[in-house]
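Participant: Structure for the following, please:
(4 chains)
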Protein chains: 2
Amino acid sequence: MKQRTATIQDVARAAGVSTATVSRTLSKPSVVARATREAVLGAVEATGYRLNATASNLRRQRAGSVIALIPNLANPFFSQILAGISSVLTKAQLGLLVADTQSGPDPDERLAYYLRSGQADGLILLDGTLNEAVLDVAGRPPVLMACEWMGSDLPSLRVDNARGVDMAIAHLVQMGHRKIGHITGPQSNVLTKARHDGFVAAMMARGMALHEDWIFDGDFSMDSGRAAARQWLGLDDRPTAVFCASDEMAVGFMGAAQHAGVRVPDDVSIIGFDNIEMVGHLTPALTTIRQPRTEIGVRAAEMLLGMIEAGALTGPSEQIDVEFVIRESVARIAE
Amino acid sequence: MKQRTATIQDVARAAGVSTATVSRTLSKPSVVARATREAVLGAVEATGYRLNATASNLRRQRAGSVIALIPNLANPFFSQILAGISSVLTKAQLGLLVADTQSGPDPDERLAYYLRSGQADGLILLDGTLNEAVLDVAGRPPVLMACEWMGSDLPSLRVDNARGVDMAIAHLVQMGHRKIGHITGPQSNVLTKARHDGFVAAMMARGMALHEDWIFDGDFSMDSGRAAARQWLGLDDRPTAVFCASDEMAVGFMGAAQHAGVRVPDDVSIIGFDNIEMVGHLTPALTTIRQPRTEIGVRAAEMLLGMIEAGALTGPSEQIDVEFVIRESVARIAE
DNA sequence: ATGAAAGCGCTAACAT
DNA sequence: ATGTTAGCGCTTTCAT
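Facilitator: The predicted model follows:
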């Protein structure tokens, strides 16, 4: 029984008013007379009318949705951020489109496509590896960076990475560690740079030695943490503590170390970054730097919404604070 | 420099043809003369024209996107499925809208809304708690269930839960376990029922006792696994093995047990369900039942696409096989 | 092979 | 307070 869905015309006819009145009743109820309003609402009910979003969007010259560009959808780190974004957009009657930048051949190309496609009223960029030059598109919608980004002055929401790293190193030093290693993120990533720079700065500030052998190349994944552990195991002079640029790498490192019979934290202390949910359930529970992911999503969406409503391509930037969560993966070292 | 983006009219003018020809050139290039086609393509290039998806969709009476309804976006379990869905939809030129069913007040209401909204050409349901009656909507788009669902004959993609559970119990029995407990998912969930029923059937089939005390109520979360562990610790007669309806609960259970000084698997064996990435990095690595998540997403999207293209509300159902992954969290018990 | 023209369903001036 | 009307940008008959 395929019955064509009712249009605004059907409602207007049923209520004995014009389509304009129906439209008004639905968008600005206060401007129509009470009796009319009730008639229209009754007709809406009777006909089962639903606004056709496509037509409405076309007429209003908007897309009705926001796109979140995520480096890798399969990475659970982003799911909570998405949830935060979603909650804000839903209230604002905007859809949330998600797209994976790294899944196709050319990530920059994906971004360029979405900027021109008119499919979105705004973009939230969660991928710090994209090329900034791509943003130079005439008539593009507002874009909010919800990640570190090469010295750009685009509106952005950043996390205070340097401070997070500094707290971690300070804690390790206070616990007596002098030999501290670092597992980095992937090369091209801005987060990698921010955390690595923070690491170097924090170490220098405390007059600590930086060993090249103690910097392990990772890519944020558990597997790369595991690989780093193997490297660490092969070292003659091992750092007594390792600061990982992501919790996932910390999990991989810890698992591999434990499987090799190394005790954590007795034989090696570990600190992660992110505070993904599971690390509190590990044995030992991981000491890490917490990023408030839901809040990041919420603020990012709110900031973008502000730009959309203002019709502006620029807007303020913000920084979100991190929190140092001390659990059980760092041991005190005898001085 | 805000320059209005070019419309099909601009292209037509620049190429000296009608808008119809431009439209044809772009959608069915084979029906226009070669010379015309080249002129049009040149004009597209020159004007920087991009198809306005909203207008196109309105005219073609479609939405241009698919909605994935997810119980909880913050749950990383779904991110990989989304990635699979996204990869298929992108190729088909369809957007992926995601919505959280459990975030609002009334999940069924959300579903009902999307069914009527016309915002999507199809829906993929990943939430097994929704009320089937809600689907009875005239003129709704095709829906694919990518989860267990009350005895419905809607097109669906299911995972062979019963078989997965049976393999798990068979393994435990073979390893000498006779006292086996189970941590369930949330009450209303169909997955919970499927796995619990599978558990009961597998136990009965092997003539094993079912203790009420050994069934722990969970909700798939790590915290509920932790709570189950505390309950387990308080038991006089403890099961020697616990089958968890989700990996997350297994993680929570294992962490809490270990923190209480219980050795895994020596003192208690644990099996999970899902094979989320991290469980291979735990100590001990978790034995579990693998669900191919990316593949689930891919197949679900492909099946839905089939229905959309056929303009059908019904279609075939499929079952995806699971795989039993033996790692280190089950010990052999002396008979 | 191409063009003319009629809308898809809606909203927002503008007029009353 | 309400109605009239003119499109938003596109696709698709139906002619030619």
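Participant: How far off centre is the helix or strand that contains residue A:66?
Facilitator: Using DSSP states H and E, residue A:66 falls within strand A:65-70. On the basis of C-alpha atoms, centre = their mean, to the nearest Å, strand A:65-70 is displaced by 11 Å from the centre of the chain it belongs to.
Participant: Just want the angle from the following helix or strand past that strand to strand A:65-70.
Facilitator: Moving toward the C-terminus from strand A:65-70, the next helix or strand (DSSP H and E) is helix A:77-91. Angle between the axes of helix A:77-91 and strand A:65-70 is 170 degrees (criterion: axes from the mean of the first three to the mean of the last three C-alpha atoms, to 10 degrees).
Participant: now for helix A:77-91, which elements pack on it?
Facilitator: Packing contacts for helix A:77-91, counted by 3 or more C-beta pairs under 8 Å, 6 or more residues apart in numbering or on different chains; DSSP states H and E, involve strand A:65-70, strand A:95-100, helix A:293-310, helix B:77-91, strand B:95-100. To be clear about C-beta, it is placed using only N, CA and C from the backbone, and glycine gets the same treatment.
Participant: tilt between it and helix A:293-310?
Facilitator: 40 degrees.
Participant: what angle do helix A:77-91 and strand B:95-100 make?
Facilitator: Using the same axes, to 10 degrees, helix A:77-91 lies at 90 degrees relative to strand B:95-100.
Participant: returning to what we had before: most packed of the helices and strands packed on helix A:77-91?
Facilitator: Of the helices and strands packed on helix A:77-91, the one with the most neighbours on average (mean count of other C-beta atoms under 10 Å in any protein chain shown) is strand A:65-70, at a mean of 26.
Participant: What segments of chain A are helices?
Facilitator: Counting by DSSP state H, one finds helices in chain A at the ranges A:8-15, A:19-27, A:34-47, A:53-60, A:77-91, A:107-117, A:161-174, A:190-205, A:222-234, A:247-259, A:293-310.
Participant: Kindly reformat those helices as JSON lines containing distance to residue A:269 and mean pLDDT.
Facilitator: Putting the helices of chain A into JSON lines (distance: least, C-beta to C-beta, whole Å; pLDDT from 0 to 100) gives the following:
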{"stretch": "helix A:8-15", "distance to residue A:269": "65", "mean pLDDT": "95"}
{"stretch": "helix A:19-27", "distance to residue A:269": "59", "mean pLDDT": "96"}
{"stretch": "helix A:34-47", "distance to residue A:269": "64", "mean pLDDT": "95"}
{"stretch": "helix A:53-60", "distance to residue A:269": "54", "mean pLDDT": "95"}
{"stretch": "helix A:77-91", "distance to residue A:269": "23", "mean pLDDT": "90"}
{"stretch": "helix A:107-117", "distance to residue A:269": "36", "mean pLDDT": "88"}
{"stretch": "helix A:161-174", "distance to residue A:269": "7", "mean pLDDT": "97"}
{"stretch": "helix A:190-205", "distance to residue A:269": "15", "mean pLDDT": "95"}
{"stretch": "helix A:222-234", "distance to residue A:269": "12", "mean pLDDT": "98"}
{"stretch": "helix A:247-259", "distance to residue A:269": "10", "mean pLDDT": "97"}
{"stretch": "helix A:293-310", "distance to residue A:269": "25", "mean pLDDT": "94"}
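Participant: Can you say which of the ones you listed is packed in most?
Facilitator: helix A:247-259 (a mean of 27).
Participant: and that one, what does it pack onto?
Facilitator: Right, helix A:247-259 is packed against strand A:180-183, helix A:222-234, strand A:241-244, strand A:269-271 by 3+ C-beta pairs under 8 Å, 6+ apart.
Participant: what does it contact?
Facilitator: Helix A:247-259 has contacts (C-beta atoms under 8 Å, 6 or more residues apart in numbering or on different chains) with A:77, A:183, A:218, A:220-230, A:232-233, A:242, A:244, A:264, A:267-268, A:270-276, A:278-279, A:282, A:286, A:288, A:329, B:278, B:280-283, B:285.
Participant: and that helix, how far out from the chain's middle?
Facilitator: 23 Å.
Participant: And stretch A:158-170, by the same measure?
Facilitator: 18 Å.
Participant: Contacts only, for the residue in the stretch 101-250 of chain A that DNA strand D sits nearest to.
Facilitator: Nearest residue of the stretch 101-250 of chain A to DNA strand D: residue A:118, at 8.4 Å (C-beta to the nearest atom of the strand). Contact partners of residue A:118, counting by C-beta under 8 Å, 6+ apart, are A:63, B:5, B:50, B:52, B:53, B:54.
Participant: hang on, the earlier thing: so which of the helices and strands packed on helix A:77-91 comes closest to DNA strand C?
Facilitator: helix A:293-310 (13.4 Å).
Participant: how many neighbours does the residue in chain A positioned nearest to chain B have?
Facilitator: Going by C-beta to the nearest C-beta, chain B is nearest to residue A:76 of chain A, at 2.8 Å. Residue A:76 has 22 neighbouring residues, counting by other C-beta atoms under 10 Å in any protein chain shown.
Participant: Over to the spatially closest residue to it that is not a sequence neighbour: give its phi and psi.
Facilitator: Excluding its sequence neighbours, the residue lying closest to residue A:76 (C-beta to C-beta, 6 or more residues apart in numbering or on different chains) is residue B:76, at 2.8 Å. For residue B:76, the backbone dihedrals (degrees, to the nearest 10) come out as phi -60, psi -20.
Participant: Residue B:76 touches residue B:274, doesn't it?
Facilitator: No - using C-beta atoms under 8 Å, residue B:76 is not in contact with residue B:274, being 10.3 Å away.
Participant: Need the buried ones from the contacts of helix A:247-259 selected in ChimeraX.
Facilitator: A single ChimeraX command suffices to select whichever of the contacts of helix A:247-259 are buried according to 16 or more other C-beta atoms under 10 Å in any protein chain shown:
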select /A:77,183,218,220,221,222,223,224,225,226,227,228,229,232,242,244,264,268,270,271,272,273,274,275,276,278,279,282,286,288,329 /B:278,280,281,282,283,285
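Participant: and the strand holding residue A:66, which strands flank it?
Facilitator: Next to strand A:65-70 in the sheet, as set by DSSP bridges, lie strand A:95-100 (parallel), strand A:122-125 (parallel).
Participant: any idea of the angle that strand forms with helix A:107-117?
Facilitator: Going by the same axes, to 10 degrees, strand A:65-70 makes 170 degrees with helix A:107-117.
Participant: neighbouring contacts of strand A:65-70?
Facilitator: A:78, A:82, A:85, A:89, A:94-101, A:110-111, A:114, A:119-127, A:130, A:301, A:304, A:308, B:95, B:97.
Participant: Many thanks, we can stop here.
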